[in-house]
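Participant: sequence below, structure please.
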Amino acid sequence: MSIGQIHQFRIQDNSTNLRHVNIDSGTRVTQHNTIPSVTFRFLSLDKMQAYTLTKEVEGASYRELDKAGRYEGRVSLQEDRLDELNIFFVRQQISLSDCDIHIEAADVFCVEVSTPSIVNKLLKHIDCQLTFSFKRR
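Facilitator: Residues are numbered from 1 along each chain as shown. Next comes the predicted model:
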């Protein structure tokens, strides 16, 4: 390894956190944890659905879209919200094409990110698309 050359190693622990270990010329080791955030998104709600979402699902929020009268609803995925989320999805008759699971990883130094197991649990009930985004800070 030449001076100044950095090698990266990917290590995964039991909690599905990614740890990136950078070794710079064998003299310095730094570690960066990447824990992806996972959000369920309703991509095209009307005003009443958006309002109802915030009342029926704990931690839900919404924002107005550029398209008149349409809103995007967001719920941070947590184990205790899955039932509420599924009930809202069924009652409001949301189309699978109008929702997704957004997985966002920050400080990504490699192209591989492990998704938390809660994503698999939700996909058993609501089989919507997965959307990934990667941010480098």
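
Participant: please enumerate the strands of this protein.
Facilitator: 6-12, 18-24, 28-34, 37-45, 61-64, 71-76, 99-106, 129-135 (DSSP state E).

Participant: mind checking the pLDDT average for the last one?
Facilitator: With pLDDT averaged residue by residue, strand 129-135 scores 85.

Participant: gap between Arg91 and Lys135?
Facilitator: Separation of Arg91 from Lys135 (Cβ to Cβ, to the nearest Å) stands at 34 Å. The C-beta positions use only the backbone N, C-alpha and C, and glycine is treated the same way.

Participant: please apply the same query to Gln129.
Facilitator: 20 Å.

Participant: surely Phe40 touches Gln78?
Facilitator: No: with contacts counted by Cβ atoms under 8 Å, Phe40 stays clear of Gln78, the gap being 10.2 Å.

Participant: more neighbours: these two, which one.
Facilitator: Neighbours per residue (other Cβ atoms under 10 Å) separate Phe40 from Gln78, with Phe40 holding more: 25 against 12.

Participant: what's the nearest residue to that one if we skip its chain neighbours?
Facilitator: Excluding the flanking residues, the one nearest Phe40 by Cβ to Cβ, 6 or more residues apart in numbering is Val75, at 4.7 Å.

Participant: number of nearby residues for the one you found?
Facilitator: 23.

Participant: residues contacting the residue nearest to Leu122 when sequence neighbours are not counted?
Facilitator: Excluding the flanking residues, the one nearest Leu122 by Cβ to Cβ, 6+ apart is Leu82, at 6.1 Å. Leu82 makes contact with Ile118, Lys121, Leu122, His125, according to Cβ atoms under 8 Å, 6 or more residues apart in numbering.

Participant: generate the PyMOL command that creates a selection of the buried members of those residues.
Facilitator: Of the contacts of Leu82, the buried ones can be selected in PyMOL as follows, counting by 16 or more other Cβ atoms under 10 Å:
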select buried, resi 118+122
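
Participant: so which of the contacts of Leu82 would you say is closest to Ile87?
Facilitator: His125 (10.1 Å; Cβ to Cβ).

Participant: can you pull out the low-pLDDT segments for this structure?
Facilitator: The model of the chain has pLDDT under 70 over residues 1-34, 107-112, 137.
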